[in-house]
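Colleague: what's the 3D shape of this:
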Amino acid sequence: MKGVLLMAGKEIREGIRNRWVVAATLLLAALALTLAFLGAAPAGRVGAGALEVVVVSLSSLSIFLLPLIALLLSHDAIVGEAERGTLLLLLSYPLARWQVVIGKFLGHVGIIGAATLLGYGAAALALTLAGQPVTAAGWQAFGWMLGSSVLLGAAFVALGILVSTLVRDRGAAAGIAVGLWLLLVLLWDMALLGLLVADAGQTLTANTVDALLLLNPADAYRLFNLAGLADVRLLSGMAALGGESGLAPALLLASLAAWAVVPLLAATAFFTRREL
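Modeller: Numbering: from 1, shown residues only. Here you go, the predicted structure:
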(Lines give C-alpha, C1' and ligand atoms only; values in the text may rest on other atoms or scores of the structure.)
Protein backbone atom coordinates (compact mmCIF):
# COMPACT_ATOMS: atom_id res chain seq x y z
CA MET A 1 0.00 0.00 0.00
CA LYS A 2 2.92 2.33 0.68
CA GLY A 3 4.00 2.04 -2.95
CA VAL A 4 0.50 2.99 -4.14
CA LEU A 5 0.45 6.07 -1.92
CA LEU A 6 3.92 7.11 -3.04
CA MET A 7 2.84 6.78 -6.66
CA ALA A 8 -0.32 8.79 -5.99
CA GLY A 9 1.71 11.51 -4.29
CA LYS A 10 4.06 11.67 -7.27
CA GLU A 11 1.11 12.19 -9.65
CA ILE A 12 -0.36 14.93 -7.47
CA ARG A 13 2.99 16.75 -7.25
CA GLU A 14 3.40 16.52 -11.01
CA GLY A 15 -0.13 17.84 -11.44
CA ILE A 16 0.69 20.82 -9.25
CA ARG A 17 3.94 21.51 -11.15
CA ASN A 18 2.11 21.26 -14.47
CA ARG A 19 -0.57 23.65 -13.16
CA TRP A 20 -3.27 21.01 -13.69
CA VAL A 21 -4.69 21.47 -10.19
CA VAL A 22 -4.64 25.25 -10.39
CA ALA A 23 -6.06 25.43 -13.92
CA ALA A 24 -8.86 22.92 -13.28
CA THR A 25 -9.79 24.55 -9.97
CA LEU A 26 -9.89 28.06 -11.41
CA LEU A 27 -11.92 26.90 -14.40
CA LEU A 28 -14.48 25.07 -12.28
CA ALA A 29 -14.65 27.90 -9.74
CA ALA A 30 -15.15 30.58 -12.40
CA LEU A 31 -17.92 28.64 -14.12
CA ALA A 32 -19.52 27.63 -10.83
CA LEU A 33 -19.58 31.21 -9.51
CA THR A 34 -21.04 32.47 -12.78
CA LEU A 35 -23.77 29.83 -12.77
CA ALA A 36 -24.42 30.36 -9.06
CA PHE A 37 -25.17 34.06 -9.28
CA LEU A 38 -26.92 33.89 -12.64
CA GLY A 39 -29.03 30.94 -11.53
CA ALA A 40 -29.82 32.14 -8.02
CA ALA A 41 -31.90 35.10 -9.24
CA PRO A 42 -35.09 33.11 -10.06
CA ALA A 43 -34.83 30.84 -7.02
CA GLY A 44 -37.28 32.80 -4.90
CA ARG A 45 -39.81 33.05 -7.70
CA VAL A 46 -39.97 29.29 -8.21
CA GLY A 47 -40.05 28.57 -4.48
CA ALA A 48 -36.71 26.77 -4.47
CA GLY A 49 -33.55 27.35 -2.50
CA ALA A 50 -30.64 28.96 -4.30
CA LEU A 51 -28.42 25.93 -3.79
CA GLU A 52 -30.88 23.56 -5.45
CA VAL A 53 -30.82 25.79 -8.53
CA VAL A 54 -27.02 25.71 -8.46
CA VAL A 55 -27.04 21.89 -8.22
CA VAL A 56 -29.07 21.71 -11.44
CA SER A 57 -26.70 24.10 -13.23
CA LEU A 58 -23.48 22.51 -11.97
CA SER A 59 -24.70 18.98 -12.69
CA SER A 60 -25.37 19.93 -16.30
CA LEU A 61 -21.93 21.57 -16.51
CA SER A 62 -20.14 18.62 -14.91
CA ILE A 63 -21.49 16.14 -17.46
CA PHE A 64 -19.54 17.91 -20.19
CA LEU A 65 -16.52 19.30 -18.35
CA LEU A 66 -15.39 16.74 -15.77
CA PRO A 67 -15.12 13.79 -18.22
CA LEU A 68 -13.03 15.93 -20.57
CA ILE A 69 -10.70 17.08 -17.77
CA ALA A 70 -10.36 13.50 -16.50
CA LEU A 71 -9.53 12.06 -19.93
CA LEU A 72 -7.04 14.82 -20.74
CA LEU A 73 -5.37 14.22 -17.40
CA SER A 74 -5.14 10.43 -17.59
CA HIS A 75 -4.92 9.40 -21.25
CA ASP A 76 -1.10 9.41 -21.27
CA ALA A 77 -0.61 8.05 -17.75
CA ILE A 78 1.22 4.93 -18.99
CA VAL A 79 1.98 5.56 -22.66
CA GLY A 80 3.37 9.00 -21.83
CA GLU A 81 5.83 7.49 -19.35
CA ALA A 82 6.83 4.93 -21.98
CA GLU A 83 7.45 7.56 -24.68
CA ARG A 84 9.47 9.75 -22.31
CA GLY A 85 11.60 6.75 -21.38
CA THR A 86 10.72 7.00 -17.69
CA LEU A 87 8.54 3.91 -17.44
CA LEU A 88 11.45 1.46 -17.23
CA LEU A 89 13.12 3.69 -14.65
CA LEU A 90 9.89 3.80 -12.66
CA LEU A 91 9.56 0.02 -12.72
CA SER A 92 13.19 -0.38 -11.59
CA TYR A 93 12.03 0.77 -8.16
CA PRO A 94 10.41 -1.76 -5.80
CA LEU A 95 6.96 -1.15 -7.27
CA ALA A 96 4.64 -3.78 -8.69
CA ARG A 97 2.92 -2.88 -11.94
CA TRP A 98 -0.50 -2.91 -10.28
CA GLN A 99 0.81 -0.38 -7.75
CA VAL A 100 1.79 1.94 -10.59
CA VAL A 101 -1.67 1.78 -12.15
CA ILE A 102 -3.60 2.13 -8.88
CA GLY A 103 -1.30 4.90 -7.68
CA LYS A 104 -1.71 6.89 -10.88
CA PHE A 105 -5.47 6.42 -10.66
CA LEU A 106 -5.63 7.66 -7.07
CA GLY A 107 -3.38 10.62 -7.85
CA HIS A 108 -5.48 11.73 -10.80
CA VAL A 109 -8.71 11.26 -8.86
CA GLY A 110 -7.17 13.32 -6.08
CA ILE A 111 -6.53 16.15 -8.55
CA ILE A 112 -10.10 15.91 -9.89
CA GLY A 113 -11.50 15.76 -6.37
CA ALA A 114 -9.52 18.77 -5.14
CA ALA A 115 -10.49 20.84 -8.17
CA THR A 116 -14.16 19.88 -7.81
CA LEU A 117 -14.39 20.47 -4.07
CA LEU A 118 -12.55 23.80 -4.18
CA GLY A 119 -14.19 25.04 -7.39
CA TYR A 120 -17.77 24.09 -6.60
CA GLY A 121 -17.32 24.77 -2.90
CA ALA A 122 -16.42 28.35 -3.74
CA ALA A 123 -19.83 28.80 -5.35
CA ALA A 124 -21.68 27.45 -2.30
CA LEU A 125 -19.60 29.63 0.01
CA ALA A 126 -20.24 32.70 -2.11
CA LEU A 127 -23.99 32.09 -2.06
CA THR A 128 -23.94 31.71 1.71
CA LEU A 129 -21.94 34.91 2.22
CA ALA A 130 -24.27 36.77 -0.15
CA GLY A 131 -27.24 35.88 2.06
CA GLN A 132 -29.02 33.67 -0.48
CA PRO A 133 -31.62 31.27 0.97
CA VAL A 134 -29.99 27.88 1.54
CA THR A 135 -32.00 25.02 3.04
CA ALA A 136 -30.85 21.80 4.68
CA ALA A 137 -32.20 19.91 1.65
CA GLY A 138 -30.11 22.17 -0.57
CA TRP A 139 -26.93 21.34 1.33
CA GLN A 140 -27.76 17.64 1.11
CA ALA A 141 -28.32 17.82 -2.65
CA PHE A 142 -25.11 19.82 -3.03
CA GLY A 143 -23.14 17.26 -1.02
CA TRP A 144 -24.47 14.39 -3.14
CA MET A 145 -23.64 16.35 -6.28
CA LEU A 146 -20.05 16.91 -5.11
CA GLY A 147 -19.54 13.25 -4.26
CA SER A 148 -21.07 11.96 -7.48
CA SER A 149 -19.04 14.50 -9.49
CA VAL A 150 -15.81 13.09 -8.05
CA LEU A 151 -17.11 9.59 -8.85
CA LEU A 152 -17.88 10.67 -12.43
CA GLY A 153 -14.34 12.02 -12.74
CA ALA A 154 -12.97 8.75 -11.34
CA ALA A 155 -14.89 6.75 -13.95
CA PHE A 156 -13.36 8.71 -16.81
CA VAL A 157 -9.90 8.68 -15.21
CA ALA A 158 -10.15 4.87 -15.16
CA LEU A 159 -11.19 4.86 -18.83
CA GLY A 160 -8.28 7.15 -19.70
CA ILE A 161 -5.79 4.91 -17.91
CA LEU A 162 -7.24 1.86 -19.65
CA VAL A 163 -6.71 3.55 -23.01
CA SER A 164 -3.16 4.45 -21.98
CA THR A 165 -2.31 0.80 -21.27
CA LEU A 166 -3.69 -0.43 -24.61
CA VAL A 167 -1.87 1.85 -27.07
CA ARG A 168 1.78 2.56 -27.85
CA ASP A 169 1.46 6.16 -29.00
CA ARG A 170 0.35 9.27 -27.13
CA GLY A 171 -1.37 10.64 -30.23
CA ALA A 172 -3.48 7.50 -30.53
CA ALA A 173 -4.33 7.69 -26.83
CA ALA A 174 -5.42 11.33 -27.19
CA GLY A 175 -7.56 10.50 -30.22
CA ILE A 176 -9.28 7.59 -28.49
CA ALA A 177 -9.84 9.72 -25.36
CA VAL A 178 -11.55 12.45 -27.37
CA GLY A 179 -13.58 9.79 -29.17
CA LEU A 180 -14.72 8.33 -25.85
CA TRP A 181 -15.78 11.78 -24.65
CA LEU A 182 -17.76 12.41 -27.83
CA LEU A 183 -19.39 8.98 -27.67
CA LEU A 184 -20.36 8.92 -24.01
CA VAL A 185 -21.14 12.60 -23.45
CA LEU A 186 -22.70 13.65 -26.76
CA LEU A 187 -23.45 10.84 -29.19
CA TRP A 188 -24.83 8.15 -26.85
CA ASP A 189 -27.95 10.09 -25.86
CA MET A 190 -28.56 11.23 -29.44
CA ALA A 191 -28.36 7.64 -30.65
CA LEU A 192 -30.63 6.44 -27.82
CA LEU A 193 -33.18 9.14 -28.60
CA GLY A 194 -33.12 8.21 -32.29
CA LEU A 195 -33.56 4.55 -31.36
CA LEU A 196 -36.56 5.35 -29.17
CA VAL A 197 -38.17 7.45 -31.90
CA ALA A 198 -37.59 4.77 -34.53
CA ASP A 199 -38.90 2.02 -32.25
CA ALA A 200 -42.04 4.01 -31.33
CA GLY A 201 -42.55 1.90 -28.21
CA GLN A 202 -42.87 -1.36 -30.14
CA THR A 203 -39.82 -3.33 -28.97
CA LEU A 204 -37.82 -1.42 -26.37
CA THR A 205 -39.14 -1.86 -22.84
CA ALA A 206 -38.55 0.45 -19.89
CA ASN A 207 -36.08 -2.05 -18.43
CA THR A 208 -34.10 -2.08 -21.68
CA VAL A 209 -33.90 1.70 -21.73
CA ASP A 210 -32.79 1.71 -18.08
CA ALA A 211 -30.05 -0.79 -18.91
CA LEU A 212 -28.86 1.34 -21.84
CA LEU A 213 -28.70 4.36 -19.55
CA LEU A 214 -26.62 2.44 -17.01
CA LEU A 215 -24.14 1.59 -19.78
CA ASN A 216 -23.10 5.26 -19.84
CA PRO A 217 -21.53 6.85 -16.73
CA ALA A 218 -22.60 10.33 -17.88
CA ASP A 219 -26.24 9.21 -17.99
CA ALA A 220 -25.99 7.55 -14.58
CA TYR A 221 -24.60 10.82 -13.18
CA ARG A 222 -27.27 12.90 -14.90
CA LEU A 223 -30.12 10.73 -13.65
CA PHE A 224 -28.75 10.63 -10.10
CA ASN A 225 -28.44 14.39 -9.77
CA LEU A 226 -31.27 15.66 -11.94
CA ALA A 227 -33.89 12.95 -11.53
CA GLY A 228 -32.87 10.87 -8.54
CA LEU A 229 -33.00 13.60 -5.88
CA ALA A 230 -36.55 14.70 -5.12
CA ASP A 231 -35.68 18.31 -4.23
CA VAL A 232 -33.89 18.85 -7.53
CA ARG A 233 -35.94 16.95 -10.10
CA LEU A 234 -38.73 19.54 -10.18
CA LEU A 235 -36.25 22.30 -11.01
CA SER A 236 -34.53 20.23 -13.69
CA GLY A 237 -37.79 19.38 -15.47
CA MET A 238 -37.18 15.64 -14.93
CA ALA A 239 -39.87 14.98 -12.34
CA ALA A 240 -41.73 12.54 -14.58
CA LEU A 241 -38.57 10.65 -15.45
CA GLY A 242 -37.54 10.46 -11.82
CA GLY A 243 -40.92 9.09 -10.84
CA GLU A 244 -41.17 6.52 -13.64
CA SER A 245 -37.60 5.29 -13.88
CA GLY A 246 -36.80 2.02 -12.17
CA LEU A 247 -33.25 3.23 -11.46
CA ALA A 248 -32.92 3.98 -7.76
CA PRO A 249 -30.28 6.51 -6.65
CA ALA A 250 -28.29 3.72 -4.98
CA LEU A 251 -28.23 1.75 -8.23
CA LEU A 252 -27.06 4.82 -10.17
CA LEU A 253 -24.22 5.40 -7.70
CA ALA A 254 -23.30 1.71 -7.91
CA SER A 255 -23.18 2.05 -11.70
CA LEU A 256 -20.81 5.02 -11.43
CA ALA A 257 -18.62 3.09 -9.01
CA ALA A 258 -18.56 0.10 -11.37
CA TRP A 259 -17.48 2.39 -14.22
CA ALA A 260 -14.50 3.41 -12.08
CA VAL A 261 -13.59 -0.07 -10.84
CA VAL A 262 -14.02 -2.29 -13.93
CA PRO A 263 -11.86 -0.25 -16.38
CA LEU A 264 -9.25 0.15 -13.63
CA LEU A 265 -9.08 -3.62 -13.09
CA ALA A 266 -8.86 -4.14 -16.85
CA ALA A 267 -6.05 -1.56 -17.10
CA THR A 268 -4.17 -3.32 -14.29
CA ALA A 269 -4.55 -6.70 -16.02
CA PHE A 270 -3.41 -5.36 -19.41
CA PHE A 271 -0.42 -3.48 -17.95
CA THR A 272 0.67 -6.51 -15.94
CA ARG A 273 0.91 -8.52 -19.19
CA ARG A 274 2.30 -5.72 -21.34
CA GLU A 275 5.74 -6.17 -22.88
CA LEU A 276 7.94 -3.12 -22.41
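Colleague: Poorly predicted segments of the stretch 1-150 of the chain, please.
Modeller: Scanning the stretch 1-150 of the chain for pLDDT under 70 picks out 39-50, 133.
Colleague: Centroid-wise, who is the farthest residue in the chain?
Modeller: residue 202 (33.8 Å; CA atoms, centre = their mean).
Colleague: so where does it fall, helix or strand?
Modeller: Assigned by DSSP states H and E, residue 202 belongs to no helix or strand.
Colleague: That one and residue 196: what is the separation?
Modeller: 11 Å (CB to CB, to the nearest Å). C-beta here means a position set from N, CA and C on the backbone, and glycine is covered the same way.
Colleague: about what we covered before: per-residue confidence for the residue farthest from the centre of the chain?
Modeller: Listed pLDDT for residue 202 reads 77.
Colleague: now swap in residue 243 and tell me
Modeller: Listed pLDDT for residue 243 reads 48.
Colleague: ditto for residue 260
Modeller: The model's pLDDT for residue 260 equals 94.
Colleague: Would you quantify the distance from the closest residue to residue 152 other than its chain neighbours to residue 97?
Modeller: Leaving out its chain neighbours, the residue that sits closest to residue 152 by CB to CB, 6 or more residues apart in numbering is residue 221, at 4.5 Å. Counting by CB to CB, the gap from residue 221 to residue 97 is 30 Å.
Colleague: ok, which stretches of the protein are helices?
Modeller: Secondary structure of the chain (DSSP state H): helices located at 2-17, 20-39, 50-74, 79-84, 87-91, 97-129, 136-166, 170-181, 188-199, 206-214, 217-222, 230-236, 239-244, 249-273.
Colleague: and the fourth one, which residues are buried?
Modeller: Neighbour-count burial for helix 79-84 flags 79-82 (criterion: 16 or more other CB atoms under 10 Å).
Colleague: and of the residues you listed, the nearest to residue 178?
Modeller: Nearest to residue 178 out of these is residue 79 (CB to CB; 14.9 Å).
Colleague: Report the contact partners of the closest one.
Modeller: Contact partners of residue 79, counting by CB atoms under 8 Å, 6 or more residues apart in numbering, are 164-165, 167-170, 173.
Colleague: could you redo the last one with a cut-off of 7 Å?
Modeller: Neighbour list for residue 79: 164, 167-170, 173 [criterion: CB atoms under 7 Å, 6 or more residues apart in numbering].
Colleague: Can I get the buried part of these as one PyMOL selection?
Modeller: In PyMOL, this line selects whichever of the contacts of residue 79 come out buried by 16+ other CB under 10 Å:
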select buried, resi 164+167+170+173
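Colleague: will you turn the contacts of residue 79 into a markdown table that also has distance to residue 15 and pLDDT?
Modeller: Output for those, formatted as a markdown table (distance: CB to CB, whole Å; pLDDT from 0 to 100):
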| residue | distance to residue 15 | pLDDT |
| --- | --- | --- |
| 164 | 16 | 93 |
| 167 | 22 | 91 |
| 168 | 24 | 86 |
| 169 | 23 | 88 |
| 170 | 17 | 89 |
| 173 | 18 | 92 |
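Colleague: Fine by me, we can end here.
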